[in-house]
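1. Fold the stuff below for me.
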Amino acid sequence: MVARLIDEEPEQAYGYSRVALRLASRVAAVREAAGFAAYATQRYSEALAEFRAARRMTGSVELWPVMADCERGMGRPERALAMAGEAEVQKLDKAGQVEMRLVAAGARRDMGQVDAAIVTLQSPELASNAVQPWTARLRYAYADALLAADREPEAREWFAKAVEADKDGSTDASDRLAELDGVEFVDALVDENDTDTGSGKSTGAHEEAEEADEADAPEAPHAASEDDKDDVQEDDEQDEHDDVQGDDVQGDDVQGDDVQGDDEQGDDEQDEDDDAQDDGDKA
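-> Numbering: from 1, shown residues only. I've put the predicted structure just below:
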């Protein structure tokens with residue numbers, strides 16, 4: 001799991017390595033894996049301790065170059081140079097010796113000795129036309145040292161050679177070469193997509209704002225049409241007519257009541273006359 005995650009998720013790989021250490025700290029492979037996980041997360045002191053433990057368990061010297069690079073990471077380039085001169089280097093295979101040369105050159109540059117770093121990298125492996133797993137990194141380091149020494153034409157030549165050997169893109173030699181040539185790469189497709197996405201978001205937000213304003217705005221009263229005005233006028237005239245007719249009816253009722261009252265008064269007077277006449281006859 002550590003080896004699978006160390007390139008893409010180094011922190012997660014480091015976490016797994018700590019768990020493995022608690023379970024099997026006496027296994028050399030576990031200590032070595034823990035060392036590389038710590039190294040990938042720039043925990044150089046911890047990585048050096050794990051590498052030393054693994055070396056004691058196995059007696060192998062193959063971790064010597066990375067142990068020296070841990071010394072560089074802790075700010076001790078002089079110790080890395082001292083390790084480059086130890087007898088263990090002679091026991092390394094070709095790949096290990098090239099790696100040790102890279103570490104030693106890096107230590108020289110850490111100490112401000114750029115010209116010494118260039119000399120350290122000059123070797124039969126650098127001059128060989130054969131492409132080995134370490135070729136691209138060796139040529140890249142040499143080109144970078146030349147550029148640091150203000151030897152730009154030579155640096156450009158070696159960056160180009162590094163590009164030729166770097167089939168899997170382990171370095172950024174192609175970008176460095178383009179930079180020296182004044183070439184700037186622009187991903188037009190990504191820029192266009194970003195622009196469209198940005199404008200789309202802006203338009204969508206604007207439309208949403210307009211819809212919200214329309215929803216919140218009170219509904220405006222409708223202006224009265226001519227037909228509505230005519231209807232209102234007709235209703236008013238009808239109401240006036242009904243009021244007048246009601247007044248007439250009420251007047252008739254009053255008049256009728258008055259007539260009826262007169263009739264009743266006449267009847268009362270007639271009754272009184274009849275009563276008086278009856279009284280006269282009796283007398």
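2. Quick check: buried residues in the helix or strand residue 95 falls within?
-> Using DSSP states H and E, residue 95 sits within helix 94-110. By neighbour count on 16 or more other CB atoms under 10 Å, the buried set for helix 94-110 is 96-110. Using the backbone N, CA and C atoms, a C-beta is placed for each residue, glycine as well.
3. With stretch 146-159 instead?
-> 146, 147, 151, 155, 156, 158, 159.
4. Quick one: mark the members of those that sit in strands.
-> Per DSSP state E, strands hold no members of the buried residues of stretch 146-159.
5. Adding distance to residue 127 and pLDDT, write those out as CSV.
-> Formatted as CSV, those follow (distance: CB to CB, whole Å; pLDDT from 0 to 100):
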residue, distance to residue 127, pLDDT
146, 15, 98
147, 19, 97
151, 17, 97
155, 17, 97
156, 18, 97
158, 11, 97
159, 17, 97
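6. Dump the residues you listed to TSV, plus distance to residue 133.
-> Shown next, in TSV, are the buried residues of stretch 146-159 (distance: CB to CB, whole Å):
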residue	distance to residue 133
146	22
147	24
151	27
155	23
156	24
158	18
159	19
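7. Quick check: what element follows the helix holding residue 95 along the chain?
-> Immediately after helix 94-110, counting by DSSP H and E, sits helix 114-121.
8. right, and residue 77 touches residue 69 too?
-> No. With contact taken as CB atoms under 8 Å, residue 77 and residue 69 are classed as non-touching, separated by 10.1 Å.
9. Low-confidence ranges, the stretch 151-283 of the chain, go.
-> 185-283 (pLDDT under 70).
10. let's see 90
-> Scanning the stretch 151-283 of the chain for pLDDT under 90 picks out the ranges 168, 181-283.
11. quick one, helices of the chain?
-> Taking DSSP state H as the test, the helices found in the chain are 2-5, 10-23, 28-40, 44-58, 64-73, 77-84, 94-110, 114-121, 124-127, 135-148, 152-165, 173-180, 188-216, 226-282.
12. what comes up buried for the fourth one?
-> Looking back up the chat, that one is helix 44-58. Neighbour count says helix 44-58 has 44, 46, 47, 48, 49, 50, 51, 53, 54, 55 buried, by 16+ other CB under 10 Å.
13. Low-confidence regions, the stretch 1-150 of the chain specifically.
-> For the stretch 1-150 of the chain, applying pLDDT under 90 flags the ranges 1-10, 16.
14. Apply 50 and report the result again.
-> Counting by pLDDT under 50, not a single residue of the stretch 1-150 of the chain qualifies.
15. residues touching the nearest residue to residue 143 once chain neighbours are set aside, list them.
-> Spatially, and ignoring its direct neighbours in sequence, residue 143 is nearest to residue 158 (3.5 Å; CB to CB, 6 or more residues apart in numbering). Residue 158 makes contacts with 139, 140, 142, 143, 146, as judged by CB atoms under 8 Å, 6 or more residues apart in numbering.
16. what's the closest of the residues you listed to residue 28?
-> residue 140 (31.8 Å; CB to CB).
17. And the closest one, how close does it get to residue 130?
-> Counting by CB to CB, to the nearest Å, the separation of residue 140 from residue 130 is 17 Å.
18. Who has more neighbours out of these two?
-> residue 140 (23 against 7; other CB atoms under 10 Å).
19. Could you pull up the contacting residues of the more buried one?
-> Listed by CB under 8 Å, 6+ apart, the contact set of residue 140 reads 158, 159, 162, 166, 171, 173.
20. now do residue 89
-> Going by CB under 8 Å, 6+ apart, the list of residues near residue 89 reads 64, 83, 96, 97, 100.
21. Pull the contacting residues for the first one.
-> Listed by CB under 8 Å, 6+ apart, the contact partners of residue 64 are 83, 86, 88, 89, 92, 96, 100.
22. Mind doing that once more with 6 Å?
-> The neighbourhood of residue 64, defined by CB atoms under 6 Å, 6 or more residues apart in numbering, consists of residue 88.
23. Residue 102 versus that one, what's the distance?
-> Noted for residue 64: a distance of 13 Å to residue 102, by CB to CB.
24. returning to that earlier point: just the closest of the contacts of residue 140 to residue 179, please.
-> Nearest to residue 179 among the contacts of residue 140 is residue 159, at 9.2 Å by CB to CB.
25. The closest one contacts residue 177, doesn't it?
-> Yes. Contact criterion CB atoms under 6 Å: residue 159 and residue 177 qualify, at 4.4 Å.
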